[in-house]
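Asker: sharing a sequence plus its predicted fold:
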Amino acid sequence: QEMGIRVRTSADKLAVMRSLHKALLKRHMRNRQVVVLVEEAQGMLLETLEEIRLLSNLETCDHKLMQIVLFGQPELDTKLAAPCIRQLRERITYSFYLTPLKQADIQAYLDFRLRAVGYTGPELFDVPLVQLIERYSQGLVRRINIIADKTLLAAFTQDRHRLLLEDVHQAARDSQFDRPTVV
């Protein structure tokens with residue numbers, strides 16, 4: 001759908017693959033690269049991951065017609081280790097593991113996110129706030145986002161421009177991240 005390919009809902013897998021291949025070839029002739037981004041891949045069934053591998057077979061004599069990028073939690077590595085998915089694992093060219101962010105990175109990340117949406121005021125997340133966010137989030141980006149969003153919301157609901165440590169504590173409790181670990 002996102003590529004504008006029209007396929008009947010009753011079409012079988014072969015018909016869908018033919019339509020996709022034809023559309024990819026047209027894009028390739030126009031020097032257009034298609035990249036498929038698959039988020040939360042750890043939640044996919046092994047059979048679905050195998051279907052994704054089959055998509056990687058769509059190619060010309062010397063070019064892949066699409067790049068496939070899988071994003072997932074560590075459980076994805078466990079799935080990819082399954083013997084029945086060996087062929088997909090062998091096609092993975094690059095693999096990256098994002099380590100938990102440290103305090104300075106969290107502070108820069110939060111500031112970047114605020115600036116990206118147009119915030120131009122003073123820095124909102126000071127060092128003590130970021131230290132607490134690091135402890136509660138364990139440096140995991142998803143948790144950092146959740147805690148930061150809820151911290152901002154807590155201040156907003158009290159019509160405050162200054163974020164407080166209690167806002168972070170409340171955000172962590174609300175998110176059930178309320179057992180800080182030593183980092």
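Answerer: Alright, I've got the coordinates.
Asker: next, Thr151: secondary structure please.
Answerer: Secondary structure assignment for Thr151 (DSSP: H, G, I helix; E, B strand; the rest coil): helix.
Asker: how many neighbours does it have?
Answerer: 26 (other C-beta atoms under 10 Å). To be clear about C-beta, it is placed using only N, CA and C from the backbone, and glycine gets the same treatment.
Asker: could you check how far it is from Arg8?
Answerer: Noted for Thr151: a distance of 49 Å to Arg8, by C-beta to C-beta, to the nearest Å.
Asker: same thing with Ser175?
Answerer: 44 Å.
Asker: between these two, which one's more packed in?
Answerer: For Ser175 versus Arg8, neighbours defined as other C-beta under 10 Å are more numerous around Ser175 (15 against 9).
Asker: what sits against the spatially closest residue to Gln73 that is not a sequence neighbour?
Answerer: Nearest non-adjacent residue to Gln73, counting by C-beta to C-beta, 6 or more residues apart in numbering: Gln42, 4.7 Å away. Contact analysis of Gln42 by C-beta atoms under 8 Å, 6 or more residues apart in numbering lists Gly72, Gln73, Pro74, Glu75, Leu76, Thr78, Lys79.
Asker: 6 Å instead, please
Answerer: Gln42 makes contact with Gly72, Gln73, Glu75, Leu76, according to C-beta atoms under 6 Å, 6 or more residues apart in numbering.
Asker: can you give me the strands in the chain?
Answerer: Assigned by DSSP state E, the strands in the chain fall at 34-38, 66-70.
Asker: show me where pLDDT drops low in this structure?
Answerer: Under the criterion pLDDT under 70, the flagged ranges of the chain are 179-183.
Asker: all helices of it, in order?
Answerer: Taking DSSP state H, the helices of the chain run over residues 13-29, 46-55, 75-80, 86-91, 103-116, 127-137, 141-157, 165-174.
Asker: many thanks, I have nothing further to ask.
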